[in-house]
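J.: coords please:
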Amino acid sequence: MKSLAVFSLKGGVGKTTAAVNLAHAAATSGGRRTLLWDLDSQGAATLLLRAAPPPPAARVKARAVLAGDAPLEALVEPTAFPNLSLLPADRSLRRLEADLAAAAEPKAMRRHLKALGPRFDRIILDVPPGRSALADRLFRAVDLLVVPAIPAPLSAAAEAALAGELARLGADAPPVLAFWNMVDRRRGLHRRLVEAAPERPVIPAAAVVEAMAETRAPLAVTAPGSPAARAFARLWSAVEMALLRA
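T.: Below is the predicted model:
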């Protein structure tokens with residue numbers, strides 16, 4: 001099993017849509033048994049992949065699972081897509097960061113991921129943005145960080161800050177795969193920054209990506225021939241290669 005976290009210090013960079021499209025690509029074109037773990041209390045990835053919430057009697061609190069009071073498998077749900085399962089978010093995650101900061105076991109997240117290993121080949125975590133105890137624990141647990149950035153000056157500052165955080169971890173830090181997201185090549189600044197880092201995958205800005213909140217499905221399902229869908233497929237190929245090297 002290999003795991004990756006889609007993470008950014010800065011919000012509003014298309015993190016969740018990237019996580020959903022990567023998870024679908026891993027499960028379908030990659031043929032991997034894939035789990036998308038929604039760790040963001042806003043639950044956007046859960047909304048995009050789940051048609052309806054489970055009945056109240058069937059709900060298991062995410063924090064109860066993470067605290068060890070319920071088995072992790074109890075929270076996993078199937079999706080409408082082959083090989084793709086969802087570990088959904090709920091409101092109890094709003095206190096998760098404080099719980100992890102107070103936890104005596106710094107490798108708890110690694111333990112949770114290892115427990116899921118027999119069921120899944122790839123685990124993709126959608127992580128809330130910003131510095132936090134949760135992010136610190138995840139940095140030590142996952143095999144790869146996938147970092148979206150919009151081509152803008154603030155992205156460089158966020159990347160420098162993230163590099164500092166990872167340097168602090170030393171050998172425990174995972175490798176990073178950064179990509180440009182929501183790129184509009186009509187804008188001179190976007191073109192210049194993208195051309196300055198030609199090794200990075202590029203996801204174009206597109207109305208079909210914005211429409212995912214309504215279609216509640218990955219682009220490979222709703223707009224398979226679109227430039228954005230093809231770009232996410234290429235991004236997954238790059239991610240898979242990085243995971244195999246990790």
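J.: ok, residues contacting the longest strand along the chain?
T.: Counting residues, the longest strand found in the chain (DSSP state E) is strand 176-183. Applying Cβ atoms under 8 Å, 6 or more residues apart in numbering, the contact partners of strand 176-183 are 13-14, 18, 144-151, 159, 162, 166, 190, 193-194, 197, 200-205, 209, 235, 238-239, 242. Every C-beta, even on glycine, is put in place using the N, C-alpha and C of the backbone.
J.: for the protein, where's the lowest mean pLDDT among helices and strands?
T.: In the chain, the helix or strand scored least confidently by mean pLDDT, DSSP states H and E is helix 96-102, which has a mean of 62.
J.: would you tell me what the next helix or strand after that helix is?
T.: helix 108-116 (DSSP states H and E).
J.: elements contacting the following helix or strand past that following helix?
T.: The first helix or strand that comes after helix 108-116 along the chain, using DSSP H and E, is strand 122-126. Other elements packing on strand 122-126 under the criterion 3 or more Cβ pairs under 8 Å, 6 or more residues apart in numbering; DSSP states H and E are strand 2-6, helix 15-27, strand 34-38.
J.: and the longest helix along the chain with strand 122-126, angle?
T.: Determined from DSSP state H, the single longest helix within the chain is helix 227-245. In terms of direction (axes from the mean of the first three to the mean of the last three Cα atoms, to 10 degrees), helix 227-245 departs from strand 122-126 by 120 degrees.
J.: residues in contact with helix 227-245?
T.: 2, 4, 18, 21-22, 25-26, 29-30, 122, 143-144, 146, 175, 177, 179, 201-204, 206, 208-209, 218-220, 223.
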